[in-house]
Structures are given as structure tokens and as C-alpha cells.
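Participant: My questions are about this predicted structure, shown below with the sequence.
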Amino acid sequence: MAFVVQKFGGTSLADADRIRNVARRVVETHRAGNNVVVVVSAMGKSTDGLIELATQISDTPHPREMDMLLTAGERISMALVAMAIEAHDVPAVSFTGSQAGILTTADHGRAEILDIRAFRVRECLDEGKVAIVAGFQGVSPDSKDVTTLGRGGSDATAVALAAALGASVCEIYTDVDGVFTADPRVVPSARKLDEVTFTEMLELANAGAGVLMARSVEFGIRYNIPIHVRSSFHDGEGTWVKEETMEEPIIRGVAHDESEAKLTVKGVPDRPGVAAAVFEPMGDAGVNIDMIVQNVSSEGITDISFTVPEAQAATAVAVAQSVAADIDATGVDLDTDISKITVVGAGMKSESGVAASMFRILSDAGVNIEMISTSTIRISCVVRGDDTQAAVEALHRGLIGDAS
């Protein structure tokens, strides 16, 4: 028997009709002779509703209690999906993350999966039943507390379970047809990709493409689990994310991320150890640093700019102000009106001139570049937030071309 993990996002589970549609898909897969594990997100926007409710109760909800609250959404989904599958006379059993053996770090709101001991899930499958697992959550073996994995964590749950159980594929069902060359809401002419490599998808996910959580792609890379991103509203093929693809175009896609902020430590004495003095406390505070630029020193003084998630900006500013006082820097500036624009493609490894073309296209579009970062298959630029759409449209048109 083939073994398939199917993950359904919140829009696929938004109401009773959609839950029944999910059940139909799962039952068809099961009756085709497959072992099936289903991973579910919370229904619709229910997680956002729970967060809003918590903020009405407390300005600073306790992280442990937030995780207890937020995991309720997936528990509702898993029970309803199990009921809908049972209505087709197919046996199904639902499991919370802890019941499914998903062990995580104790970091509430951003826990990482350490291990999966899916004994109960395996027993369920051996009995010919469909297993439904609540995504986005697990349990810390140290604190014994329920934890959550952060936004998009159900994707990570699904691919990690596929790896732990030896599934042949992990299907990610969503409200779009697959992975596109750009966000169709920004570039209507963007087209669906039939396939993309793991490394390209990881870069796109880290650059802001929200169709897959980056950690889910990392699991796919580590355990070579093919991921099929597809629509839950029709039976058409989506996008295959896998180790190798039939072709490596120069540019696979253009992604953008408006959720970052730029922080600048000004008037930094240019001496050995200063960069470590700035960034070590950031790491200790759990701040994720993305792009870094240090200006050329003038008279022994320089500026250091870097980007952080906007959600961590307040923490980053507090740390930077403390560091600035310690190293005799002149001040700290925060800029939240920025956007990171990224082009990704495995073909860039063997193609020269891509960066020059990108910079010329942005120049012709009247878009100023504030920061630049590169890898072998990625070029990222920070631009003004108001320039996001113009930048993405121009780069897609100039480097990929409009759909015919």
C-alpha cells in the first residue's frame, strides 16, 4: 500500500461544506488503497479570532496560556474532519499533536520539532483507519507543556510526519493552485509552476512566499519527501517540490516580504569586536537577523543596518539601544516602511549578469535599492514599502515574462 500524508489549511476547512469536501477527498484516497494521515489547521480565520480575544483579555498574554488557547482551533478541526470521514463509513481517529507523539522544544509560539514518536498513529493505520492529526502543535518533553510551531506550522507537522512514517508524498492542500512565479494578487499574469526544487522553494519561502512554511521545506530536503502543493477545490495537478526538476530556468520566481523592519545602529566605532557586540545580544534575545550592511568607515565611525521581523522590532530596538550605550554609538533608528524583494532561480548559478539586469530593471522602474543580499540562487533587495508592487511587477515582467 502507498502511504500519503494530506494537509488541509484553514480555508479548506472554513465551514461544514468545505469539511465535507475534505472528507470526500480523504475517503477517495483511502479507498484507492492508500494509508492516509491527515494534518489539519484551524478552521478559516479562527486562530486570528483567538488571538484577538486574548488581546482583549490581556495586553501581554502569557506565552504558555496562548499556546493552550491557540491549539484549540486545530482540535476542533480534527474532530469535525474525523466525524465527516466516519459519515462515509470509513473509520477515522483524531489525535492532538501530543497524542501523535510530536515532541518539540519548550519555546512557546515558535517551538521546533525535535522528534516524532508516532506509535498511536501507526497503530491506527495498521487497523485500517484514517489518522487525523492536529497541525501546528506538539508537546515539550521537558516542561510537559503544549507548544505551537508558529505561523504555517501545520506544514511543518505534515512533512515531519511524512518523514517519520515513511510516506511516499506529502500533499499540501490550499486555496491556490500551487506555487506561482509571483504572488498573483500583486502580479495577475504570474503563472503556476509545475515543479520547483527544494532549494528554490526554501529560498522563496524565506523570501516571503507564503504558500509553504520554510521549516516544512527543510524537512523535505532532509528526508527527501516530495511535496505536492495543490488546490483543495479541484482535482488538478499543483506544483511538485522535490530534489530535482526537469529544467532549471534562470529565474524561477519573484517573492516579496513586507513583514520586516530595518534597524540602524548609528555612529558605531569601527574597531574589532563591535559587530559581535551588536549581534550576540540579538541572538541571546531570540531576534532573527536577515540582511546586514555595514557602511564604509569614515574617521573611525560607521553605521550598521540590518533587517529583523517586524514582530520582533520592539525587542530588537531595546537590545540595540542597550548595546549602543555600551559601545558609544550615537543612536538607533527603526524603519518599518520597507519591503524585501527577492528573485530566485537555480539557473543563476551558471548565468552571469542577473544582478545587473535586476538592478537596471528596478532603476528603470524608479525603485531605489537600500540593501542587497545574495546567495548562489537568490538576490534580495530592500526597497521602500510603497515601491513593492512596482518592483515585483517590473522584475516579473523583465526577468520571467508575462503568461501567454
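Facilitator: Noted; the coordinates are in hand. Residues are numbered from 1 along each chain as shown.
Participant: and stretch 175-183, average pLDDT?
Facilitator: On average, the pLDDT along stretch 175-183 is 95.
Participant: Begin at 24, not 1, for the rest of this chat.
Facilitator: Sounds good: first residue 24 from here, last item stretch 198-206.
Participant: Pull out the buried residues from it.
Facilitator: 199-206 (16 or more other CB atoms under 10 Å). Placement of C-beta: from N, CA and C, glycine included.
Participant: quick check, distance from that stretch to the centre of its chain.
Facilitator: 14 Å (CA atoms, centre = their mean, to the nearest Å).
Participant: measure it end to end?
Facilitator: In stretch 198-206, first residue to last residue: 13 Å (CA to CA, to the nearest Å).
Participant: For D351, see how far away the residue of the chain most remote from its centre is.
Facilitator: Distance to the chain centre peaks in the chain at E322, reaching 42.3 Å (criterion: CA atoms, centre = their mean). Distance, E322 to D351, by CB to CB, to the nearest Å: 14 Å.
Participant: Also F329?
Facilitator: 19 Å.
Participant: between those two, which one's more packed in?
Facilitator: Between F329 and D351, counting by other CB atoms under 10 Å, F329 is the more crowded of the two (23 against 11).
Participant: got the residue ranges for the helices in the stretch 74-223 of the chain?
Facilitator: All helices of the stretch 74-223 of the chain, identified by DSSP state H, counting those that start in this stretch, fall at 86-109, 142-149, 176-188, 221-229.
Participant: Next, format these as CSV and append distance to S35.
Facilitator: Shown next, in CSV, are the helices of the stretch 74-223 of the chain (distance: least, CB to CB, whole Å):
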stretch, distance to S35
helix 86-109, 10
helix 142-149, 21
helix 176-188, 11
helix 221-229, 19
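Participant: Please identify which of the ones you listed is closest to E333.
Facilitator: Between E333 and the helices of the stretch 74-223 of the chain, the shortest separation by CB to CB is 15.6 Å, and it involves helix 221-229.
Participant: tell me which residues in the following helix or strand past that closest one are buried?
Facilitator: Counting by DSSP states H and E, the next helix or strand C-terminal to helix 221-229 is helix 237-246. Using 16+ other CB under 10 Å as the test for burial, helix 237-246 gives 237-244.
Participant: Ok, stretch 313-327 next?
Facilitator: Buried, per 16+ other CB under 10 Å, within stretch 313-327: 313-314, 316-317, 325-327.
Participant: Do me a favour and average the pLDDT over it.
Facilitator: Confidence for stretch 313-327, expressed as mean pLDDT, is 88.
Participant: Figure out how far it is from the centre of its chain.
Facilitator: Using CA atoms, centre = their mean, the offset of stretch 313-327 from its chain centre is 30 Å.
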